[in-house]
Structures are given as C-alpha cells and as structure tokens.
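Student: what would the 3D arrangement of this be:
(2 chains)
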Number of protein chains: 2
Amino acid sequence: MFDTVAVIGLGLIGGSFALDIKKLNLCKNVLGYDINPAHCSSAERLGIADRAFPEWNRQLSNAELVVVAVPVASMSQVIEQLYPWLSPQTILTDVGSVKNPVLTFMEQQNFEGIHFVAGHPISGSENFGPESARVGLFQNKKFIFTPTENTHLPSLEQLKKLWMALGSNVHEMTAELHDFIFSRVSHLPHLLAYAAIEAVGTGDTPEILGYFGAGLKDFSRIAASSPVMWADIFLENESHLLQGIENFQKILAKMEKAIREKDRSALIDYLAHSKKLRDDWITS
Amino acid sequence: MFDTVAVIGLGLIGGSFALDIKKLNLCKNVLGYDINPAHCSSAERLGIADRAFPEWNRQLSNAELVVVAVPVASMSQVIEQLYPWLSPQTILTDVGSVKNPVLTFMEQQNFEGIHFVAGHPISGSENFGPESARVGLFQNKKFIFTPTENTHLPSLEQLKKLWMALGSNVHEMTAELHDFIFSRVSHLPHLLAYAAIEAVGTGDTPEILGYFGAGLKDFSRIAASSPVMWADIFLENESHLLQGIENFQKILAKMEKAIREKDRSALIDYLAHSKKLRDDWITS
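Tutor: Numbers count the residues shown, from 1 in each chain, chains lettered A, B, ... in the order given. Here you go, the predicted structure:
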C-alpha cells in the first residue's frame, strides 16, 4: 500500500498503528519519530519502527504517509516543524482526540503540496507510552474522519482503506459534531472520574483507602489515564467541555435537591431514567 | 451451626447468603420470606430456600437466626412486623448499606428478648433479584459489623464466625464511621455515575448513543444498579452524602475554573494528584 510510512509520536496509538501496518505488510518501511530518545530505543527494540529518531532528518522525505500521533497540545507545533522535511504530495494525517483546533490551524497555514486528512481512532486504554502499544488495537473500533471542503479526496479514500485494513469501522462527520460528541462520551466522563477520585480519596480519613471496592475501581479506571494528555484534551475542547460540565452540574444539583428535600419519587425517576439510557445503549 | 435460619428478602444478598449457608451445611433448614410471591417461587426453584413465603407465619418462631436483607428504606417496618413472630433469644441481623438509621430505630424500640447485630457485607453487583444470587458472593470480601454498647456480644461472635465461614474478612467500626466511609467510596460514586449518564446521554443528538465506548461503559456500570434501592440508600445516608456532593462540587468547580482560565499547570496538577490517589489505592 505504501513504501515508507513515518509515525510521529511513538505512544500507545502511534506505536500500535506502526505494529499493525508492519504486521499486515501495508508498507515496506516504518520510520518512527519521538521527542523522547528512550521512546525511540523502546520502539526499535519492540519492533514498532524499523528506525526511530529523536530528531527530524532527511529520511522523512521518503515517507508517502506521515501519521502524527502526538498529544493534541503539541499537534500544531509538531506539524509546523516537520513540514519542511516532507516531499510534495505527502499524505499527512493525525489521530488527535479533538479535531477543530488542528483543522483550524491547517486551514490558516495552508501548507503547500501536503494532503492533510484529520482523523481519530476511537481506541485506547488508560495506558500510555510505546510499551503499551499492541497489535490489533484498532480492530472492530470506530475510526472517525472529519473532512472539510478542502480535504484531498483521493487521500481520504486511501486512508479509509488503510484504517479498514486495520479492522476499524470508518465514519465521517464534521469536526464540530465530532468535538461535541466526544466532549460528552469521553472528555466529560474522564474529568468527572478525576474529580470523583479526588472527592472520595482525600480528607483526614485514611481508612477510606481500604474500602475502595470493585465498583469504584471500574468507575475510576479512566482516571488512571495520563494527566498531561487529558489536561490538554480538556483545554483543546474547552467550549464543548464547559457546556458539558454545566449540563452535568445542573443534573447533579437536581438530584441533590431531591435528596435534600427527601423527594423519593423524583429521585427514583431520575435514577431510573439514567439507568434506562444506559441499558438502551448496552443493548443497542 | 444453626438448625433453622430465616432469610427475609430474597434478592442478590439474601439469596446468595442462603445459597452459601446451605452449601456449607451451616444450617439444616432455610426459610425464605419475600413480599414478592414471584421471588418466593424463584427462590424455591433455585434452591435458595427450602420453603419461601410471601407472608409471615408460625414457622418463623423456629428460626434461631433471622437475616433481614430488604432494602434499607423498608428495614425498620419489616423488623417491626416480623418481631411478634420471633422466639426469645433469636439473633436478628441485617445486611443494609447504611447503619445509623437501623441502629437508631432498634435502640428506640428496644425489642425485648431479641439480639440485634447490625452488619454490612461489602459485596454485590449491579444485578438484583433472586435470579442474581450466587454461591461464593461473600468470598474474600469485607463484612463490617457496627456494634454498639448494647450489642449482645455472644451473638456478635457467632455472626462473625458465620460470615468468616462464608469467606468474608470481618471488620468492626462504629455506624457513624461506616456511614461516612460508604458515603464516599460507594454512595457518592453511584450518584455521580447516574448523573453522568444523564449528562452524557440526553439532549437532541441521538447520534451520541453510538459513540459510547469501553471507558464509559466501565465508568457507568454502577448506574445500572437498582434505582429504587439506590434512591433509598441516598436518602438513608443523606447527611454524609450531601457533604460528599458538596465536596465533589468544589473539586469539579476548581477543575472547571482551571479549564476556563486555561491554567494548564494547575489542571495537570489536579489530574496528577487524583491519578496518584487511585494508583496508590490499586497497588496498596
């Protein structure tokens, strides 16, 4: 499918992508780049990249496809730095969790000769770094492209084929809708999990630690995720997330009021409605 | 250990307790009681009770031990109703998730001749009803007794042996501390999960339902629990829970402020502190 692919950022997503395209023989040569030299050594040792570099170099010009898998806060800066090293007609794509900022940046910059396609694989885990990369991470997961009127359609089609070859179910939507949906189904729950752990676990009653149970463990698993990565996602998707927080605060206040006023039937209605939403989703 | 044990309320906890004591031959005869006749038939069919009744009857006077496993909101009323049917020296115990209200009630009523011991098995799942009962539910789980100065110590000791025989790790604390700890590690997270699902899943964007992922599934599993049971737990533990909600709201507001003011370093600090609390707990 490709001769040379470069993966910029050798963490969970970039590393797993590289492992998959090698395993499926979708390219001959995988170049890896990561600002952290230890990640480069790990990537070579783990067979993630044929060669991995902590600095830009001339080999990048051989890449027909460059996948940028860096934290969303570094995305624009990394693309700006790597652009001069790319050959004309290179397909450039990203895997960031927030799409509006990178698209706005790309439209402003108008990098000549590069075909940029914005995408987001809906996969991952609370683990991070090259050691967490694994084959098959994208299998049976959604992949969302957020094309604009300026997107180079043949490049989009080629990337769709690539991600489908990795087992993903490919979707398309606007960046605006994408960022709204993921502020709700992903970013807000992550923030709430972080806040909940803090509310549960702090204070002057250290005995509490001994009584965390299985329910709380599952509930808070997403709060084991990378603080830097998630702080940046929250900041990049600020406006949608702030709306989501406000919405949540209103719902919590309503439930709190029912508890304070001992309004049992209202409280049962709230909880039953929420449970039904979840049950409908699980069985859908 | 006992000749006849009566289990009042044949749901997940009562049913699993009955299955265990039969399997371990800790009593000859298990009587079941449940206000719902369908639960009684299920309990007999599933081997949970030798006989199960939807109404009080004379056989209750044969029970040396009576375990009340009804929802916390019905606890006082059920104990009041069943008291006249019990023989003197009967050990009466409960398995409710909130301990102060039942103890306050028992101290006020002073039921002559009955040895009441308050307890709480830290086990369960989001499932409920007799069909969800299973052998070994209490294995390697905590069981917390909340004795008072009026607790009959030989009865407490006998119940400790019983729950240890079921594989539980037995603890003792005051009802006050119990209700505080579980408002934090259990009741607050359940309320937040219900509120979060509502905040994520409602609104005029039905597409959202299709993008719920594995993280959100785990995060919200506890919101699949019984709305009636949890509404009643929230109401019974109202004062501790309201404090917990207030605490959570302050933490969320702090994080929201950091997002609104784009204070990246404060936000990273908050998330990192929360992650560390959870990591310390997981590895402890």
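Student: all contacts plus neighbour counts: C-alpha atoms, from now on.
Tutor: OK.
Student: what about the nearest residue to A:S87 once chain neighbours are set aside, neighbour count?
Tutor: Leaving aside its sequence neighbours, A:S87 sits nearest to A:S61 (CA to CA, 6 or more residues apart in numbering or on different chains; 5.0 Å). Applying other CA atoms under 10 Å in any protein chain shown, we find 19 residues neighbouring A:S61.
Student: repeat for the one 10 residues further on
Tutor: Other residues near A:P71 number 18, with proximity taken as other CA under 10 Å.
Student: go on, A:I181?
Tutor: 24.
Student: go on, A:G210?
Tutor: Around A:G210 there are 12 residues (other CA under 10 Å).
Student: torsion angles phi and psi at it?
Tutor: phi -70, psi -10 (degrees, to the nearest 10).
Student: next up, the contacts around it.
Tutor: Shown in contact with A:G210 (CA atoms under 8 Å, 6 or more residues apart in numbering or on different chains): B:W281.
Student: what do you get for A:F248?
Tutor: A:F248 sits in contact with B:A195, B:A196, B:E198, B:A199, where contact means CA under 8 Å, 6+ apart.
Student: before we move on, what about A:R184?
Tutor: The contact partners of A:R184, by CA under 8 Å, 6+ apart, come to A:L241, A:G244, B:A199, B:V200, B:G201, B:I208.
Student: what does A:I144 give?
Tutor: By CA under 8 Å, 6+ apart, the contact set of A:I144 is A:G119, A:H120, A:P121, A:I122, A:V170, A:H171, A:E172, A:M173.
Student: who wins on neighbours among those residues?
Tutor: Of those, with other CA under 10 Å as the count, A:G119 tops at 26 neighbours.
Student: from chain A, which residue is nearest to chain B?
Tutor: Taking CA to the nearest CA, chain B has its nearest neighbour within chain A at A:F219, 3.8 Å off.
Student: per-residue pLDDT, that residue?
Tutor: Looking at A:F219, its pLDDT reads 89.
Student: so it makes contact with B:A224?
Tutor: No: A:F219 is beyond contact range of B:A224, at 12.0 Å (criterion: CA atoms under 8 Å).
Student: who has more neighbours, these two?
Tutor: A count of neighbours by other CA under 10 Å puts A:F219 above the other of A:F219 and B:A224, at 28 against 21.
Student: chain neighbours aside, what residue packs nearest to that one?
Tutor: B:F219 (3.8 Å).
Student: contact partners for that neighbour?
Tutor: For B:F219, the contact set (CA under 8 Å, 6+ apart) comprises A:P189, A:A193, A:D218, A:F219, A:S220, A:R221, A:I222, B:A193.
Student: show me those residues that map onto helices.
Tutor: A:P189, A:A193, A:D218, A:F219, B:A193 (DSSP state H).
Student: worst-scoring helix or strand of chain A, pLDDT-wise?
Tutor: helix A:214-219 (a mean of 86; mean pLDDT, DSSP states H and E).
Student: quick check: buried residues in the longest helix along chain A?
Tutor: Criterion DSSP H: the longest helix present in chain A is helix A:238-260. Residues A:238-242, A:244-245, A:247-249, A:251-252, A:254-256, A:258-259 are the ones in helix A:238-260 that count as buried (16 or more other CA atoms under 10 Å in any protein chain shown).
Student: tell me the pLDDT at A:W281?
Tutor: Per the predicted model, pLDDT is 84 at A:W281.
Student: also A:A73?
Tutor: Per the predicted model, pLDDT is 91 at A:A73.
Student: ok but it is inside a helix, no?
Tutor: Yes: membership of A:A73 in a helix is supported by DSSP: H, G, I helix; E, B strand; the rest coil.
Student: element containing the residue nearest the centre of chain A?
Tutor: Closest residue to the average C-alpha location of chain A: A:S97 at 3.7 Å, with CA atoms, centre = their mean. For A:S97, there is no host helix or strand (DSSP states H and E).
Student: dump the residue contacts of the closest residue to it other than its chain neighbours.
Tutor: Leaving aside its sequence neighbours, A:S97 sits nearest to A:H120 (CA to CA, 6+ apart; 6.0 Å). Shown in contact with A:H120 (CA under 8 Å, 6+ apart): A:D94, A:V95, A:G96, A:S97, A:K99, A:F143, A:I144, A:F145.
Student: identify the farthest-apart pair in these.
Tutor: Farthest-apart pair in the contacts of A:H120 is A:K99 and A:F143; separation 12.8 Å (CA to CA).
Student: with neighbour numbers in mind, choose between those two.
Tutor: Higher neighbour count among A:K99 and A:F143: A:K99, with 25 against 21, using other CA under 10 Å.
Student: I'd say the more buried one and A:A118 touch.
Tutor: Yes: if you go by CA under 8 Å, A:K99 and A:A118 touch, sitting 7.0 Å apart.
Student: overlap in contacts, these two.
Tutor: Counting by CA under 8 Å, 6+ apart, the residues touching both A:K99 and A:A118 are A:T146.
Student: give me the pLDDT value at the residue lying closest to A:K99 once chain neighbours are set aside.
Tutor: The spatially closest residue to A:K99, leaving aside those adjacent along the chain, is A:A175, at 5.3 Å (CA to CA, 6+ apart). At A:A175, the model reports a pLDDT of 97.
Student: if I pick A:A175, what's in contact with it?
Tutor: Applying CA under 8 Å, 6+ apart, the residues contacting A:A175 are A:K99, A:N100, A:L103, A:T146, A:P147.
Student: kindly report the same for A:F111.
Tutor: So, once contact is read as CA under 8 Å, 6+ apart, A:F111 ends up touching A:Y83.
Student: could you look up the SS state of it?
Tutor: Recorded secondary structure, A:F111: coil (three-state DSSP).
Student: wait, doesn't A:C27 sit right on A:M1?
Tutor: Yes: with contact defined as CA under 8 Å, A:C27 and A:M1 form a contacting pair (5.8 Å).
Student: which one's more surrounded, those two?
Tutor: A:C27 (16 against 12).
Student: could you measure from the more buried one over to A:G210?
Tutor: Look at A:C27 and A:G210: by CA to CA, to the nearest Å, they are 50 Å apart.
Student: kindly report the same for A:G47.
Tutor: Between A:G47 and A:G210 the computed distance is 41 Å (CA to CA).
Student: now do A:I222
Tutor: Noted for A:I222: a distance of 20 Å to A:G210, by CA to CA.
Student: also A:P227?
Tutor: With CA to CA as the criterion, A:P227 and A:G210 are 24 Å apart.
Student: before we move on, what about A:E107?
Tutor: 52 Å.
Student: what's the answer for A:A266, then?
Tutor: A:A266 is 33 Å from A:G210, by CA to CA.
Student: other SSEs contacting the helix or strand harbouring A:Q77?
Tutor: A:Q77 belongs to helix A:75-82 when elements are defined using DSSP H and E. Contacts defined by 3 or more CA pairs under 8 Å, 6 or more residues apart in numbering or on different chains; DSSP states H and E place helix A:75-82 against helix A:100-109.
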